[in-house]
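> Sharing a model that was predicted from the sequence below.
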Amino acid sequence: MKGTYSGFRRLTCMIAALAIVCALAVVPSLSPRGAYAAAEDYAMMTAFVGADETQMNFNWYSFRRTTEQEQLLQIAEGEAGGVFPGEHDEIAVAGALSEGKVNYYVFKASVSGLKADTQYVWRVGTAGAWSETCSFRTLPSGEGLRFVALGDAQIGTNGDEVSDGAAWQDTLDAAAAVSPAFVLHMGDEVESFGSGAATLPQSEREYEQFFGARALRGVPFAGVIGNHEVSKSNWSEHHNFPNLSGNGASSSAGAQSGDYWFVAGNVQFFVLNSNVKDDGVHAAFLAEAAEAGREAYGDRIVWRVAAMHHSLFRGSTLYEQYGEEDIAQRRQSLSATFTAQDIDLVLTGHEHIYTRAHMMRGTQPVPAEDEKRHCSVLPDGEILYVTLGTSTGNKVFGVCPEAEDAPYIAAMYDGAAPQFTEITVRSGMLKLSTRSAAGEEIDEFTIYKEDPSAVYPQIAGAEDIAVGIGEAFDPLAGVSAADAIEGEIAVSVEGEADTSAAGTYELIYTAENTYGNRTQVRRLVTVTEGGGCSSSAAGEAAWPAACMAVAAAAALKKGGSARRKIINK
């Protein structure tokens with residue numbers, strides 16, 4: 001496993017990337033430099049998504065008067081709580097003086113070689129002066145992904161970053177309740193606008209509220225740069241993204257403002273800096289990143305999702321403020337680029353109201369086949385565009401009359417309720433459920449890769465088996481069912497195997513999805529006096545005859561035998 005950081009030696013380490021729970025240590029407040037630092041002397045400890053489930057990026061600040069400029073990042077497998085594990089790995093990280101947060105160092109680290117879906121703990125500091133201990137869980141590596149996306153928080157809009165921070169925290173708490181793999185924010189994290197050192201102190205107070213939300217200590221973060229961040233240098237201080245590209249970077253915001261990509265589950269994500277209006281650089285990035293994804297992950301990538309701040313199919317009064325010409329060129333060129341790279345979903349923000357377009361073929365709407373069920377079977381070349389509303393209730397613009405009548409609009413919500421969108425992904429389905437922090441349902445829409453009415457469950461673990469007389473046998477142990485749309489599906493079993501009497505017993509396993517598509521599997525359980533097939537210490541050569549019969553039957557099935565039948569109804 002590898003740790004990387006700017007300008008420092010590399011040490012072997014262990015790590016992973018996902019749900020993070022922080023347990024505050026009980027320590028004194030401020031202390032002289034070199035003595036025991038307080039947990040509060042370490043600020044905005046944030047775990048960012050890495051390139052995939054094997055990597056995690058980290059970002060944190062520490063108070064320069066009580067902490068060292070060179071610190072250790074320690075990581076070990078385990079759960080939060082209790083004493084930090086004695087067996088752990090660590091990397092040394094050099095900090096830099098923060099430009100925006102006076103008297104603080106800022107640190108960045110990236111660790112790779114992690115195990116998928118594994119729990120770890122981590123902390124930062126030096127001997128005798130440690131931060132709180134945090135835990136995180138790595139991203140999933142295959143089928144089944146759930147994440148949440150949120151629109152503009154824009155903390156500090158009304159000159160009160162504390163109340164905005166409380167609203168942001170409430171929305172994140174509601175979003176975290178669905179156990180997302182990560183949080184994706186669509187830009188305008190903070191309100192402070194403009195460049196120059198004069199804006200940084202207020203901006204830092206807003207960032208403290210944004211990254212100080214307790215839920216961000218429990219879920220990895222991915223972000224999109226908005227128009228309120230693009231002119232400030234402290235954007236790059238506060239973020240640490242994977243696979244960064246020079247394409248799309250804004251000189252004022254630094255390297256972390258460039259386009260970047262990552263993989264979670266079976267989805268490749270492409271994040272663009274839409275403040276840069278040169279669509280050619282975004283097209284180059286998308287082409288390079290898509291090719292890199294195909295080379296590294298092959299058929300694992302089933303879905304492709306793009307995220308950027310500005311909406312291509314807008315509906316708020318920003319439509320009136322900036323006019324159609326502000327977005328028309330990008331709509332034409334970027335929609336063609338997204339189509340060329342087989343993008344399925346584009347998530348945006350900026351509008352502060354929720355807007356879902358119809359499925360779009362280029363710039364032409366293709367109304368969903370079944371609007372009442374809010375779903376569409378996705379043919380090649382169609383893309384869903386969704387603009388996320390406010391996540392704090394700040395600056396709700398309202399609906400523009402011209403946009404309301406636009407042919408591309410499928411659904412709109414201009415309420416001031418803070419909201420988030422839960423996105424569930426399986427190989428055959430991508431479902432968006434948008435609701436307020438208070439639980440009000442706002443919109444729901446599902447994209448299918450194929451007609452869901454033609455998808456049948458697959459039953460696994462119900463192969464023929466031999467057990468010994470008197471051995472325990474649970475007919476559902478190790479048996480599961482799933483399909484590409486609904487994921488895990490309940491399995492029932494008919495029949496009984498009497499393990500007190502030798503003989504062959506037939507069991508029927510059934511799994512049925514919500515479309516009424518049913519799969520049944522017949523399983524033979526052979527009870528033998530010679531013991532089960534797995535109980536012979538001497539190996540296959542010493543198996544009883546009943547076990548040999550089971551093995552022979554399994555071999556025949558590979559050649560097309562119909563002895564074990566799978567029936568779709």
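Okay, I see it.
> Looking at the protein, which helix is longest?
Under DSSP state H, the helix in the chain containing the largest number of residues is helix 279-297.
> If you count neighbours, what's buried in it?
By neighbour count with 16 or more other Cβ atoms under 10 Å, helix 279-297 contains the buried residues 279, 281-286, 289-290, 293. Every C-beta, even on glycine, is put in place using the N, C-alpha and C of the backbone.
> Now it: average pLDDT?
Averaged over helix 279-297, pLDDT sits at 96.
> what's it packed up against?
On a contact count with 3 or more Cβ pairs under 8 Å, 6 or more residues apart in numbering; DSSP states H and E, helix 279-297 meets strand 260-264, strand 267-271, helix 325-340.
> okay if I get those as TSV plus mean neighbour count, mean pLDDT and distance to residue 204?
Converted to TSV, the helices and strands packed on helix 279-297 look like this (neighbours: other Cβ atoms under 10 Å; pLDDT from 0 to 100; distance: least, Cβ to Cβ, whole Å):
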stretch	mean neighbour count	mean pLDDT	distance to residue 204
strand 260-264	25	98	24
strand 267-271	26	98	24
helix 325-340	17	85	30
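> could these go into a markdown table alongside distance to residue 192?
Output for the helices and strands packed on helix 279-297, formatted as a markdown table (distance: least, Cβ to Cβ, whole Å):
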| stretch | distance to residue 192 |
| --- | --- |
| strand 260-264 | 23 |
| strand 267-271 | 22 |
| helix 325-340 | 23 |
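> closest to residue 239 out of those?
strand 260-264 (9.8 Å; Cβ to Cβ).
> Distance from that closest one to the middle of the chain?
From the chain centre to the centre of strand 260-264 is a distance of 10 Å (Cα atoms, centre = their mean, to the nearest Å).
> Taking helix 279-297 as reference, get the angle to that strand.
30 degrees (axes from the mean of the first three to the mean of the last three Cα atoms, to 10 degrees).
> Residues in contact with the longest helix of the chain: which ones?
Outside helix 279-297, the residues that touch it by Cβ atoms under 8 Å, 6 or more residues apart in numbering are 52, 243, 245, 247-248, 259, 261, 263, 268, 270, 272, 274, 276, 301, 304, 306, 329-330, 333-334, 337-338, 340-343.
> Could you pull out the helices in the stretch 51-200 of the chain for me?
Along the stretch 51-200 of the chain, counting by DSSP state H, counting those that start in this stretch, helices occupy 161-176, 200-211.
> would you say residue 453 is within a strand?
No: assessed by DSSP: H, G, I helix; E, B strand; the rest coil, residue 453 does not belong to a strand; its assignment is helix.
> and it, what does it touch?
Neighbouring residues of residue 453 by Cβ under 8 Å, 6+ apart: 515, 517.
> Relative to residue 428, how far out is it?
12 Å (Cβ to Cβ, to the nearest Å).
> Also residue 388?
From residue 388 to residue 428 the distance is 24 Å (Cβ to Cβ).
> What of residue 497?
Where residue 428 is concerned, residue 497 sits at a distance of 34 Å (Cβ to Cβ).
> Kindly provide the distance from residue 378 to residue 187.
Distance from residue 378 to residue 187, by Cβ to Cβ: 26 Å.
> between the two, which one's more packed in?
residue 187 (28 against 21; other Cβ atoms under 10 Å).
> Excluding chain neighbours, what is closest to the more buried one?
Once flanking residues are discounted, residue 187 sits nearest to residue 226: 2.8 Å by Cβ to Cβ, 6 or more residues apart in numbering.
> In a strand, residue 393, correct?
No: Residue 393 is assigned coil when assessed by three-state DSSP, not a strand.
> Report pLDDT for it.
pLDDT, residue 393: 90.
> if we can go back for a sec, which residue of residue 388 and residue 428 possesses the greater neighbour count?
Shown here are residue 388 and residue 428; by other Cβ under 10 Å, residue 388 has more neighbours (30 against 20).
> Would you mind giving the secondary structure of residue 525?
Of the three states, residue 525 takes strand under three-state DSSP.
> I'd like the distance between it and residue 189.
Counting by Cβ to Cβ - residue 525 and residue 189 are separated by 58 Å.
> Return, as residue ranges, the portions of the stretch 151-300 of the chain with sub-threshold pLDDT.
For the stretch 151-300 of the chain, the stretches flagged by pLDDT under 70 are 194-197.
> repeat that with 80
By pLDDT under 80, the low-scoring segments of the stretch 151-300 of the chain are 193-199, 218.
> is it true that residue 144 touches residue 265?
Yes: Residue 144 is within contact range of residue 265, at 6.4 Å (criterion: Cβ atoms under 8 Å).
> Next, show the common contact partners of these two.
Common neighbours of residue 144 and residue 265 (Cβ under 8 Å, 6+ apart) are residue 425.
> ok, the two, which is more surrounded?
residue 265 (25 against 16).
> residues touching that one, list them.
Contacts of residue 265 by Cβ under 8 Å, 6+ apart are 139-145, 181, 425.
> make it 7 Å
Residue 265 makes contact with 140, 142, 144-145, 425, according to Cβ atoms under 7 Å, 6 or more residues apart in numbering.
> Can you tell me which member of these has the lowest pLDDT score?
residue 142 (84).
> I figured that residue hits residue 266, correct?
Yes: the pair residue 142 / residue 266 is scored as a contact, 6.4 Å apart, by Cβ atoms under 7 Å.
> With neighbour numbers in mind, choose between these two.
Neighbours were counted for residue 142 and for residue 266 using other Cβ under 10 Å; residue 266 has more, 20 against 13.
> do you know how far that one is from residue 487?
12 Å.
> What number of neighbouring residues does residue 125 come out with?
Residue 125 has 22 nearby residues by other Cβ under 10 Å.
> With adjacent residues omitted, what lies nearest to it?
Nearest residue to residue 125, sequence neighbours excluded (Cβ to Cβ, 6+ apart): residue 131, at 5.2 Å.
> Which pLDDT value goes with the one you found?
92.
> show me what contacts it?
39, 42, 45, 123-125.
> For it, give me phi and psi.
phi -80, psi -180 (degrees, to the nearest 10).
> just to revisit the earlier point, go through the contacts of residue 265 and flag which are in strands.
145, 425 (DSSP state E).
> quick check, nearest of the contacts of residue 265 to residue 115?
Using Cβ to Cβ, these come closest to residue 115 at residue 140, 11.8 Å.
> what about residue 118, distance to residue 455?
According to Cβ to Cβ, residue 118 stands 31 Å off from residue 455.
> Give me the phi and psi for the residue nearest to residue 452 when sequence neighbours are not counted.
Nearest in space to residue 452, with sequence neighbours left out and distances taken as Cβ to Cβ, 6+ apart, is residue 485 at 4.8 Å. Dihedral pair for residue 485: phi -100, psi -50, per degrees, to the nearest 10.
> what are the pairing partners of whatever helix or strand residue 446 lives in, and which direction each?
Assigned by DSSP states H and E, residue 446 belongs to strand 441-448. Take DSSP bridges as the rule and strand 441-448 pairs in its sheet with strand 375-377 (parallel), strand 429-436 (antiparallel).
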